[in-house]
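**Q** Take a look and give me a structure for this.
(one chain, ligands or ions: 1)
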Amino acid sequence: MQHRAGPVPEGSVVDTRYWHVLADGRVQCDVCPRACKLHEGQRGLCFVRGAENGRIKLFSYGRSSGFCIDPIEKKPLNHFLPGSSVLSFGTAGCNLACKFCFAPHTLIATTHGMRRIADLFESCEEKVSRDDGRIGLPASLQVWTRAAKLARVDKVFAHPYSGELVSLKAACCPPVLLTPNHKVFAAHRSNLDDLQPITAGELSEIHYLVIPKRHAGSGVRIDVADALGSLERRTHSPRSGRVPLEHLTETLRSTGNSSQLAAILG
Ligand code: SF4
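**A** Residues are numbered from 1 along each chain as shown. A predicted model of the protein is given here:
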């Protein structure tokens, strides 16, 4: 897999020990079964190891992204100090390739307006194939994150998929189509303080979705005309004349919701 490396904080790049040089000049990382074979400057599937100066380097040394205290029973140890706790920590990077996706027409907030994710993939000049999917490597793509901050995008993925899609429609937001195993942050109505990553297939009407919200002064600008331009517009034609009072009174006495009453009154 190819990947362009961005700037890395000083002190977090270290040499690694488990790799070897291949006959074609690439270097192979031997840390995990992915066995990434990399050209100079490429990153492995895990994103945190890559080829530099003809050797495999780790680019996340000392940059822990999470700490927690775990029960010792969660660790791969056999009857070691049962009932005790252990400090766990780790860096970013993952060598799994989970297949959760959005539908191709999903809109992404980029610095050049709202763009379909399929168009972002197609606009990548460089694309590589990996397993049953393809990876686009954008030259300079930046998107707005949930924290209203800019983030550079290194890869845009495209996977073939056939199966059910879940339509997720939060109040005040357009629906989003995504695979049922795609996780989103939500809380159950019974405990709104307990935000959890929940698969889209498990969500129900009694869940509350976490929706990114812009903070005042964050400097985010969205071109509303551009964002709304592609959406279907529905116009309402004016009523042809006044509704006779008797008709209005009779209609309002009938049972029915506001849509049904509006349909009767025209
Ligand atoms: S995924 Fe990362 S750790 Fe595994 S072989 Fe590739 S570069 Fe090495």
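
**Q** Please identify the residues of this structure in proximity to the ligand?
**A** 29, 31, 32, 34, 35, 36, 44, 45, 46, 49, 95 (C-beta under 6 Å from any ligand atom). Backbone N, C-alpha and C define where each C-beta goes, glycine included.

**Q** Leaving out chain neighbours, which residue sits closest to the closest residue to the ligand within the stretch 1-150 of the chain?
**A** Using C-beta to the nearest ligand atom, the closest approach of the stretch 1-150 of the chain to the ligand is made by residue 44 at 2.2 Å. Leaving aside its chain neighbours, residue 44 sits nearest to residue 36 (3.8 Å; criterion: C-beta to C-beta, 6 or more residues apart in numbering).

**Q** Counting neighbours, what do you get for the one you found?
**A** Each residue near residue 36 was counted by other C-beta atoms under 10 Å, and the total is 23.

**Q** ok, now which ones touch it?
**A** With contacts defined as C-beta atoms under 8 Å, 6 or more residues apart in numbering, the neighbours of residue 36 are 1, 28, 29, 44, 45, 46, 49.

**Q** any idea what sits nearest whichever residue of the stretch 151-266 of the chain sits closest to the ligand, other than its immediate chain neighbours?
**A** Minimum separation of the stretch 151-266 of the chain from the ligand (C-beta to the nearest ligand atom) falls at residue 155, amounting to 14.1 Å. Spatial nearest neighbour of residue 155, chain neighbours left out: residue 135 (5.2 Å); criterion: C-beta to C-beta, 6+ apart.

**Q** The one you found: neighbour count?
**A** There are 21 residues near residue 135, going by other C-beta under 10 Å.

**Q** ok, now residue 244?
**A** 9.

**Q** what do you get for residue 141?
**A** By the criterion of other C-beta under 10 Å, residue 141 has 21 neighbours.

**Q** ok, so what distance separates the residue of the stretch 1-150 of the chain closest to the ligand from residue 172?
**A** 41 Å (C-beta to C-beta, to the nearest Å).

**Q** More neighbours: which of those two?
**A** Neighbours were counted for residue 44 and for residue 172 using other C-beta under 10 Å; residue 44 has more, 23 against 6.

**Q** so that one makes contact with residue 57?
**A** No: checked against C-beta atoms under 8 Å, the pair residue 44 and residue 57 is beyond contact range at 10.4 Å.

**Q** got any residues that touch both of those two?
**A** Common neighbours of residue 44 and residue 57 (C-beta under 8 Å, 6+ apart) are residue 50.

**Q** which secondary element of the protein has the worst mean pLDDT?
**A** Ranked by mean pLDDT, DSSP states H and E, the weakest helix or strand in the chain is helix 224-229, scoring a mean of 67.
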